[in-house]
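> here's a sequence, model it:
(chains A and B)
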Amino acid sequence: MKRIVIHADLCQGTRECAAIAGSAVTFDATGIASVGADVAFPDDVANRMVAMCPSMAISTLDDDANTD
Amino acid sequence: MRRRVPARNGAPGNGLRAPGPSRIEAARIFARARDPFVFLDRCVARYGDLYSLPLGPNGTTVVNHPDYVGSWLSDYSRYHKGVMSRALVPALGESTPVADGESWRRSRKALNPAFGRRNLDGLAPIIAASLTDSMDRWGDLADSGEEVDIYRELSIMAMAALQRSMFSSSVDDEDVPELVDLFRRQTTYMGGLMMTFWIPSRLRVPVPGARRGVPAVAAIRDRIRAAIAHRRAKPTDAPDVLNLLLDARDEDTGDPLADEDLVDQLMGVWFGGFDTTASALVWTLAFLAQHPDAAEKLRREADAYQGDFSSYAEVNAMPYAKAAFDEAQRLQGALLLTRQALEDDEVGGYFIPRGSQVGVSAYTLNRHPGVWDDPERFDPERWLDERRDEQHRYQWVQFGAGPRHCIGAGMAYLEAQFALTLFARRFHLEVQPGFVPRHDFHLSVGIKGGLPARIVRRSDASVVG
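Next up, the predicted model:
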């Protein structure tokens, strides 16, 4: 299982992540996606969310040391 | 509630390609159709929801049902944009829309922050101010009582909003009408490149639109170089694309973008942000002019809007504007969205050889009677009621899907919903009796002959201008 981070400054609100992870992803009034800090996804789901995000706004928490 | 009709196909497996016309037969069908959209309609009628066309190396498999749209559109590790996009390089340079692989990843990464919702949030009032200025100009056009081409006026409006939000003060407002004309020639040329890329070069078939398009491309590139020089001479801290790209650094070398790379990227942004939005909006206003009930609903929503267009979240108060915009885009459609296979694959039971293309025509898919309820009807409500929730993941592919999802989609909705609301508060259109919008392919899908109409002030308008 992997946790992910969605970088709000990059998110373009395309909802590609929600198409993969469903209601685990929520959106604010501007359309920016977020997930709970304690939500973990199966590895393949987390990896697909990262790969499919056109905004390049998602990273898995373990890979996140160099972001933000 | 309606039941979606499953895809129909032969699904033979055994490594067979989807059925379709030979090169000669395709040429015959096209010659009879005399129009790329009619051509695709006839292919669907003849071959069904999965067929192949002799376009590009190893041909193109065209799907016409959401069941067949999937990984080929969204899995960038197995499919690239490929040859059809590369055909546009003479008009667009090595810009993000036509780049692939590492080159695409770097340029998309550099551009992404400009199109993030937070950045668009900051651009919302700038775009609103530009649109308001355009609506003031439309007031003058209304007072003249003369018929104008709404397509051209929308193009000027979209170009002005784009240059103010993306290039700040480095392009003059006064240059906007001329820029619109240059980009119209460029997009016509791009349509020509797409229509002819698959013809062997030895046949020396001239590219339609090239005679005027090639000098237009050169002129646009000169304008971009001038905008870059202006910004370097008079730096600003505006959060626009120009500054973002000037500040972008190569991840490995730390070098800034080379000047011609910068011109290429700005070319792609400028093209993508202008023509697609203007074309979708002209279809929206054309349908609204012909559907008084829908226009009235938009007016009611616009009159009830109490906001100040100051942030992205304001679009949430304009759901009917979004529905009308989506519904118009549905009927506007797009010619062919393609990807090129990096490895052998199978779609709907048919073989997709490595190097061949898979594509979907939003023009035919958006009219599929097994997918859409009463598909020929302009019905914005379908985007607001339970039919929206029932849509297949790949039923609506106007902005693509996956990592190559259109970078400008959010900006297009912001601009369109604001523009429709501002328009509906003050005006309506009078189109010629019997006017029927016809598809005009020039990469985006415009309206043949434009939209000749009179702009008329609302007699009950609450906003004077």
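> which residues touch the residue sitting furthest away from the middle of chain A?
Here chain A reaches farthest from its C-alpha mean at A:Ala29, the gap being 17.0 Å by CA atoms, centre = their mean. Neighbouring residues of A:Ala29 by CB atoms under 8 Å, 6 or more residues apart in numbering or on different chains: B:Ala313, B:Asn316. C-beta: built from backbone N, CA, C; applies to glycine.
> what's the single longest helix in chain A?
Within chain A, and with DSSP state H defining each element, the longest helix by residue count is helix A:43-52.
> quick one: average pLDDT of it?
Averaging the model's pLDDT scores along helix A:43-52 yields 96.
> do a quick rundown of the helices in the stretch 251-400 of chain B.
B:259-290, B:292-304, B:319-332, B:362-365, B:386-389 (DSSP state H, counting those that start in this stretch).
> can you list the residues that contact stretch B:232-243?
By CB under 8 Å, 6+ apart, the list of residues contacting stretch B:232-243 from outside reads B:111, B:114, B:119, B:122-123, B:165-170, B:227-228, B:231, B:246, B:266, B:269.
> B:Tyr312 contacts B:Leu414, correct?
Yes. If you go by CB atoms under 8 Å, B:Tyr312 and B:Leu414 touch, sitting 6.0 Å apart.
> the two: who's more crowded?
Summary of the neighbour comparison: B:Tyr312 and B:Leu414, criterion other CB atoms under 10 Å in any protein chain shown, with B:Leu414 having more neighbours (27 against 24).
> wait, what's in contact with the more buried one?
Contacts here follow CB under 8 Å, 6+ apart; on that basis B:Leu414 touches B:Leu120, B:Leu123, B:Ala124, B:Ile127, B:Tyr312, B:Val315.
> farthest-separated two in the residues you listed?
B:Leu123 and B:Val315 (12.7 Å; CB to CB).
> longest strand anywhere in chain A?
strand A:2-6 (DSSP state E).
> burial of B:Gly192, as a residue count?
Other residues close to B:Gly192 by other CB under 10 Å number 22.
> tell me the SS of the closest residue to it other than its chain neighbours?
Here the nearest residue to B:Gly192 in space, its sequence neighbours aside, is B:Pro208; by CB to CB, 6 or more residues apart in numbering or on different chains that works out to 3.5 Å. Secondary structure of B:Pro208, reduced to three states by DSSP: H, G, I helix; E, B strand; the rest coil: coil.
> where's B:Pro208 relative to B:Thr187, distance?
Here B:Pro208 is placed at a distance of 12 Å from B:Thr187 (CB to CB, to the nearest Å).
> and B:Arg354, by the same measure?
Looking at B:Arg354 against B:Thr187, where the rule is CB to CB, the gap reads 31 Å.
> and those two? Which one has more around it.
When B:Arg354 is set against B:Thr187 and neighbours are counted by other CB under 10 Å, the residue ahead is B:Thr187, at 24 against 12.
> which residues does the nearest residue to B:Glu301 once chain neighbours are set aside contact?
The shortest distance from B:Glu301 to any residue other than its chain neighbours is 4.4 Å, reached at B:Tyr320 (CB to CB, 6+ apart). Contact analysis of B:Tyr320 by CB under 8 Å, 6+ apart lists B:Lys297, B:Leu298, B:Glu301, B:Pro380, B:Leu384.
> the residue nearest to B:Asn316 when sequence neighbours are not counted sits in which helix or strand?
When the adjacent residues along the chain are set aside, B:Asn316 lies closest to A:Ala29, with 6.0 Å between them (CB to CB, 6+ apart). With the criterion set as DSSP states H and E, no secondary-structure element contains A:Ala29; it sits in neither a helix nor a strand.
> returning to what we had before: tell me the pLDDT of the residue farthest from the centre of chain A.
Value listed for A:Ala29 in the pLDDT field: 93.
> what's the angle between whichever strand or helix holds B:Ala218 and helix B:259-290?
Element membership of B:Ala218, judged by DSSP H and E, is helix B:210-233. Compare the direction of helix B:210-233 with that of helix B:259-290 by axes from the mean of the first three to the mean of the last three CA atoms, to 10 degrees and you get 110 degrees.
> how about the helix or strand following helix B:210-233: buried residues?
Downstream of helix B:210-233, the first helix or strand assigned by DSSP H and E is helix B:241-247. Applying a neighbour-count criterion of 16 or more other CB atoms under 10 Å in any protein chain shown, the buried positions in helix B:241-247 are B:Val241, B:Leu242, B:Asn243, B:Leu244, B:Leu245.
> what residues does the residue positioned nearest the centre of chain B make contact with?
Nearest to the mean C-alpha position of chain B, counting by CA atoms, centre = their mean, stands B:Thr276 at 3.5 Å. Taking CB under 8 Å, 6+ apart as the definition of contact, the neighbours of B:Thr276 are B:Gly408, B:Ala412, B:Ser444.
> swap the cut-off to 6 Å and go again
Counting by CB atoms under 6 Å, 6 or more residues apart in numbering or on different chains, B:Thr276 touches B:Ser444.
> excluding chain neighbours, what is closest to B:Gly400?
In space, B:Gly400 comes closest to B:Cys406 once its chain neighbours are excluded; the distance is 5.5 Å by CB to CB, 6+ apart.
> do the same with B:Leu182
Once flanking residues are discounted, B:Leu182 sits nearest to B:Ala216: 4.6 Å by CB to CB, 6+ apart.
> the one you found reaches B:Gln186, doesn't it?
Yes. Using CB atoms under 6 Å, B:Ala216 and B:Gln186 qualify as a contacting pair, with a distance of 4.9 Å.
> close to chain A: what parts of the stretch 301-450 of chain B are there?
For the stretch 301-450 of chain B, the residues in contact with chain A (CB under 6 Å from any CB of the partner chain) are B:Tyr312, B:Ala313, B:Asn316, B:Arg393, B:Gly402, B:Pro403, B:His405, B:Gly410.
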